[in-house]
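Engineer: build me a model:
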Amino acid sequence: MGRRVDKLTRATVCLLLALPIAFSVGYKNFVGGATTVDILNPDGGVYGLCGPPGMQGLGVGLSLFVQSLIPFTLDRGHPRSYGFNTFVASNTTTIMLDVPLPSYIEELQSRLRSNENFEVTATVSATVCLWDDPTAVERGDPNWWGEIWADLGPEVDYGVFIDTYFGTSVGLLTGRNNQTEIFLARWNGVADGFNSTAQRFFVKRARYTATWRVQNSGTPTLLGVQNPEHGNASNLNQGIMYQQLGLANLYLPLLREEAPPKPNDGNDTLNMNGFQTTVVASMLWSRQAEVLGFGGPEAAPQSEYAVKDQLRKVVPTMKNDWGLVMILVLNPVIVLIAVIAKILLYSTPVDERFNIVALLAAVDKSSLEIVRGAALTGELRQRLQLRFDVVHDEKIGFISIQLGQTGENGKLKTGCLYE
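Structural biologist: Model prediction:
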């Protein structure tokens, strides 16, 4: 744009160029809103003891164990949800929830478009693990340990894994057919240190109300659990807790890596932020899900059940903000102003395609003296004004541009052909 262009003209052109960019940037500032709609789901859904979709029948449960622990291992905290079905309620409690079964997840996903999701809320059963640290007196009392072994009996699931390379050992004790009480220990050295370092965990089945986010593809994620400290175990079948699972034989090598040092070694004074509880809960749940859960070789009757759940559809929208309202209102206002201006200026002898060629074609030769000497530099000594003269001869009109002249511009007439 020329250096001597009128300031008002310059401002108008710059405004017209900047408005589309400003609107584009303005819209992006309001991305990220959402609209929620409660969806009627009279038939409910099917839930059960199950791993994530596509991870059924992968082995004995070790893959599920590692997969469920990874999110928590990378970013420990509580109370927080992790992955598909893990909720770490506190330093002492971890909940492994039953989940929507793969067929139900596929049904929900088929009803979603890209970027949409369902928030699914249901009351389901769960495997709950609670940490309890035996006292020093209990640890040193052979009679107390004798009672523990008797309660877990008549046969127990016990094993110790000795890592000669690092010089550490890890031990696991639970009932062969009773996983309601589990002991996990880790100590330095190869000598027996189980009794002096073992942590005790009580495990049961209880009901909780949880919410998942189901997107149109991928694995659903657990959003949260309502009142995690008040699980309801009344009238709930605890049969899953009394099965032969062989935990020590299968999991001890992995527990050598996953089990943290004992609490009194200076690394942490309270259960490593729920780490041990989550390890034990994930271990037991993964084995239960693989053997006793949906699709397992010994699927329990309570591993699949119908639930009257609640569906809430979440659709991405713009944020509900007054700034967005102003942008949305301003856009049609500007369009309206442009239309009105075009109507009012309809008779002005300047077309939308007006350019330098139109100027040269219409300029009066007798008025060119004012621009003499500007052929090389394009610079004039004074401001150059134009006047548009319009001459009509019946249905034919002529436009003549006078350089350096002022006065009222001519007007176009409807139905007239202009040359």
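Engineer: and the strands in the stretch 101-250 of the chain, which stretches?
Structural biologist: Along the stretch 101-250 of the chain, the segments classed as strands by DSSP state E, counting those that start in this stretch run 117-132, 156-163, 168-175, 178-188, 199-215, 221-226.
Engineer: and of the ones you listed, who's closest to residue 7?
Structural biologist: Judged by CB to CB, the one of the strands of the stretch 101-250 of the chain that comes nearest to residue 7 is strand 117-132, at 52.4 Å. (C-beta placed from N, C-alpha, C; glycine too.)
Engineer: what's the average pLDDT for the closest one?
Structural biologist: Per-residue pLDDT over strand 117-132 has a mean of 94.
Engineer: neighbouring strands for it, and are they parallel or not?
Structural biologist: When sheet partners are counted by DSSP bridges, strand 117-132 sits next to strand 93-97 (antiparallel), strand 199-215 (antiparallel), strand 310-318 (antiparallel).
Engineer: got the contact list for the shortest one?
Structural biologist: Meaning strand 93-97. Contacts of strand 93-97 from elsewhere in the structure, counted by CB atoms under 8 Å, 6 or more residues apart in numbering, are 68, 85-89, 124-131, 208, 210, 222, 225, 228-229, 231, 274, 277-278, 280-282, 284-285.
Engineer: try 6 Å this time
Structural biologist: Among residues not part of strand 93-97, those counted as contacts by CB atoms under 6 Å, 6 or more residues apart in numbering are 85, 87-89, 124, 126-130, 210, 277-278, 281, 285.
Engineer: repeat for the last one
Structural biologist: Outside strand 310-318, the residues within contact range by CB under 6 Å, 6+ apart are 30, 33-39, 41, 115-121, 324.
Engineer: buried stuff in the helix or strand just after it?
Structural biologist: Beyond strand 310-318 in the direction of the C-terminus, DSSP states H and E gives the next helix or strand as helix 322-344. Neighbour counts over helix 322-344 (16 or more other CB atoms under 10 Å) mark 324, 327 as buried.
Engineer: oh, and call the first residue 384 from now on, that's how I've got it
Structural biologist: Sounds good: first residue 384 from here, last item helix 705-727.
Engineer: CA atoms only for helix 705-727, dumped as PDB, please.
Structural biologist: Written as PDB, here are the backbone C-alpha positions of helix 705-727 (Å, rounded to 0.1, in the frame of the first residue of the first chain):
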ATOM      1  CA  TRP A 705     -19.700 -14.300  26.400                       C
ATOM      2  CA  GLY A 706     -16.600 -13.700  24.300                       C
ATOM      3  CA  LEU A 707     -17.800 -16.400  21.900                       C
ATOM      4  CA  VAL A 708     -21.300 -14.800  21.800                       C
ATOM      5  CA  MET A 709     -19.700 -11.500  20.900                       C
ATOM      6  CA  ILE A 710     -17.800 -13.000  18.000                       C
ATOM      7  CA  LEU A 711     -20.800 -14.900  16.700                       C
ATOM      8  CA  VAL A 712     -22.900 -11.700  16.900                       C
ATOM      9  CA  LEU A 713     -20.200  -9.500  15.400                       C
ATOM     10  CA  ASN A 714     -19.800 -11.600  12.300                       C
ATOM     11  CA  PRO A 715     -23.300 -11.200  10.900                       C
ATOM     12  CA  VAL A 716     -23.400  -7.600  12.000                       C
ATOM     13  CA  ILE A 717     -20.300  -6.900   9.800                       C
ATOM     14  CA  VAL A 718     -21.900  -8.800   6.900                       C
ATOM     15  CA  LEU A 719     -25.100  -6.800   7.300                       C
ATOM     16  CA  ILE A 720     -23.200  -3.500   7.300                       C
ATOM     17  CA  ALA A 721     -21.400  -4.600   4.100                       C
ATOM     18  CA  VAL A 722     -24.700  -5.400   2.400                       C
ATOM     19  CA  ILE A 723     -26.300  -2.100   3.500                       C
ATOM     20  CA  ALA A 724     -23.200  -0.200   2.300                       C
ATOM     21  CA  LYS A 725     -23.300  -1.900  -1.100                       C
ATOM     22  CA  ILE A 726     -27.000  -1.000  -1.500                       C
ATOM     23  CA  LEU A 727     -26.400   2.600  -0.500                       C
END
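Engineer: between it and strand 693-701, how many degrees?
Structural biologist: What separates the directions of helix 705-727 and strand 693-701 is an angle of 50 degrees, with axes from the mean of the first three to the mean of the last three CA atoms, to 10 degrees.
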